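*Asks:* coords below, sequence missing:
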Ligand SMILES: Nc1ncnc2c1ncn2[C@@H]1O[C@H](COP(=O)(O)OP(=O)(O)OP(=O)(O)O)[C@@H](O)[C@H]1O
């Protein structure tokens, strides 16, 4: 029988102090060596001592802002954690567990090895482990089964990454841990993505008096959490995110040391003038200097002072008729269901219905049913009493159904609502009252309902995933929004959006061939993709310029004109299927501006599937 390489490495390490190459990663070997030097006993089963309740309350209080900052990503990871019987863990900068969330079953087992809030998981205390070792190594790491230094921790398979502040200071660690026997192959990729999103948000606070530069090799990635950010003060690198450092081949240690001249061949002015910069190695990056307005022409100054405004909604005659009918129905308290592929403008349509309805002066409350984990969705929709659950706001919460009282409730992606909540929603619609979580008296509500979905709800009903009685209640009138590739008015549509975005005022002209490519492309992301593409083209060109096909994103430039997108590849074998899948995923990612959760949701695949296929 072939020996387990990790076990073999362990035996050689503990008996002969030498591990043959290739058996375990060097980072694990370095960690074992550190643990041994500290005198840690590999066979020890001693559990780390938790802080006292008082000490932990103090530490957790200090870390409250950090926990809040990380919450959206922790919750997004939570969906993966449940699916793979894992837990998401957030620690502070010294590896003290602040929060765990995820599979209850595994959480119980993890608690047996003290992987729970209030317990320190630094390498010095617990030996090799993803949290402590990622801190010790200063990099993301995966620690599986027997790679854990202490035998008792072999039940774990963990992936962790330090979350870095803009100045290269460690803020904490994000970790996804599950049972060793069901190793989650994409866990490390997922925590990396989540950490980079958190780190990207940290730059929103701004840096007074400094030059904030946003860069990437691909213009489509600017503005996403994958863009590189470098902050310079008096020509010296003062802050950066990990993508920014990777683009210039530097590390967090270089913050405070590297200067502009060390990194770029051109002056900062070149970025402002040309929207691009040459790196020291001669390759080019595209980007922008934050808050800087081009000074080439008065017209440009006006045009570049902010992102181009959203184009006003454009409706073809058929959609305009649907709109009129929808307004009448909603005014008569008949629920309306809007169906259409992603980006066809379902939310825009719903907002227009509200604006033209008798309730336009009252609120329109929009809830995306796909964006919240099941546990939070119930509280979000129906509200809760004070103290209804751990983490509840002290004063309780009204819930979105009650917030929509007197106005319109828009339930987007209704097909993603879990069955248990469908039952509760149905009851609220029938009784016209809401019972908050944690009990209390039912509260009467009066809202008009618009729902939207990009799925076939009836298929879901037949598959038992959607209640038929709820279906008949919300889908009394269904409006289909056509995908762009089926619209015959694409020429006028593109023309109008282009003008709305300010092309004419900036004197930007589009060459005929460029226009034709836009018209014949199949736009899988529909309006969202089209508007995003036109916006990017406009942002990247100079006032007065004539845009040729070179200004188009790669897919369109390559002549990927596919006027009619086949539902399935037309008998061209596996290679074509792969290509179609990859293109659809790339499009979805682009349309979601690099947001993997959103893209996965829109494609109807899990984040890990998308991650695996794209190797983002
Ligand atoms: N009728 C329209 N005219 C012009 N632009 C539109 C129109 N509809 C949508 N858009 C553009 O497309 C973007 C996406 O629209 P919206 O969010 O309404 O799509 P959706 O169908 O609800 O998408 P999803 O199913 O992914 O939630 C909008 O921000 C807007 O810029």
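*Replies:* Structure received. Everything numeric in this text was worked out from a predicted model, so none of it was measured. Numbering: from 1, shown residues only.
*Asks:* What score does the residue in the chain positioned nearest to the ligand have for pLDDT?
*Replies:* Closest contact between the chain and the ligand, by Cβ to the nearest ligand atom, is at residue 345 (2.4 Å). Glycine gets a C-beta too; all of them are placed from N, C-alpha and C. At residue 345, the model reports a pLDDT of 93.
*Asks:* cool, the one 3 residues further on as well?
*Replies:* Taken from the predicted model, the pLDDT recorded for residue 348 is 92.
*Asks:* A helix includes it, no?
*Replies:* Yes. The assignment for residue 348 by DSSP: H, G, I helix; E, B strand; the rest coil puts it in a helix.
*Asks:* How about it, nearest residue that isn't a chain neighbour?
*Replies:* Spatial nearest neighbour of residue 348, chain neighbours left out: residue 313 (5.0 Å); criterion: Cβ to Cβ, 6 or more residues apart in numbering.
*Asks:* looking at it, the one you found is touching residue 345, isn't it?
*Replies:* Yes. Contact criterion Cβ atoms under 8 Å: residue 313 and residue 345 qualify, at 6.8 Å.
*Asks:* between the two, who's got more neighbours?
*Replies:* residue 345 (23 against 15; other Cβ atoms under 10 Å).
*Asks:* contacting residues for the more buried one?
*Replies:* 313, 481, 526-527 (Cβ atoms under 8 Å, 6 or more residues apart in numbering).
*Asks:* are any of those buried, and which?
*Replies:* 481, 526-527 (16 or more other Cβ atoms under 10 Å).
*Asks:* now these in JSON lines, with secondary structure and distance to residue 428?
*Replies:* Output for the buried ones among the contacts of residue 345, formatted as JSON lines (DSSP: H, G, I helix; E, B strand; the rest coil; distance: Cβ to Cβ, whole Å):
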{"residue": "481", "secondary structure": "coil", "distance to residue 428": "27"}
{"residue": "526", "secondary structure": "helix", "distance to residue 428": "32"}
{"residue": "527", "secondary structure": "helix", "distance to residue 428": "32"}
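*Asks:* Keep those residues, but drop any that are not near the ligand.
*Replies:* Checking the buried ones among the contacts of residue 345 against the ligand by Cβ under 6 Å from any ligand atom, the ones in range are residue 527.
*Asks:* contacting residues around residue 404?
*Replies:* If you count contacts by Cβ under 8 Å, 6+ apart, residue 404 has them with 363-365, 445, 447.
*Asks:* cutoff 7 Å now
*Replies:* 363, 365, 447 (Cβ atoms under 7 Å, 6 or more residues apart in numbering).
*Asks:* Look up the pLDDT of the closest residue in space to the last one that isn't next to it in sequence for me, please.
*Replies:* Meaning residue 447. In space, and not counting its chain neighbours, residue 447 is closest to residue 404: 4.0 Å by Cβ to Cβ, 6+ apart. Note on residue 404: pLDDT of 92.
*Asks:* Residue 224 too?
*Replies:* Residue 224 carries a pLDDT value of 80.
*Asks:* Likewise for residue 295?
*Replies:* 32.
*Asks:* what's the answer for the one 5 residues further on, then?
*Replies:* Among the per-residue scores, residue 300 shows a pLDDT of 28.
*Asks:* if you go through the stretch 201-350 of the chain in chain order, where are the strands?
*Replies:* In the stretch 201-350 of the chain, the segments counted as strands under DSSP state E, counting those that start in this stretch are 211-216, 228-233, 236-240, 276-278, 284-289, 336-339.
*Asks:* what's the span of stretch 36-54 from first residue to last?
*Replies:* 33 Å (Cα to Cα, to the nearest Å).
*Asks:* hmm, back to that, dump the contacts of residue 404 into JSON lines; add neighbour count as well.
*Replies:* JSON lines is the format used below for the contacts of residue 404 (neighbours: other Cβ atoms under 10 Å):
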{"residue": "363", "neighbour count": "16"}
{"residue": "365", "neighbour count": "19"}
{"residue": "447", "neighbour count": "25"}
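*Asks:* Show me which of those is closest to residue 462.
*Replies:* Taking Cβ to Cβ as the measure, residue 462 lies nearest residue 447 of these, at 28.9 Å.
*Asks:* Might you report the residue contacts of the closest one?
*Replies:* Applying Cβ under 7 Å, 6+ apart, we find residue 447 in contact with 401, 404-405, 407-409.
*Asks:* what about 8 Å?
*Replies:* Residue 447 sits next to 365, 401, 404-409 when contact means Cβ under 8 Å, 6+ apart.
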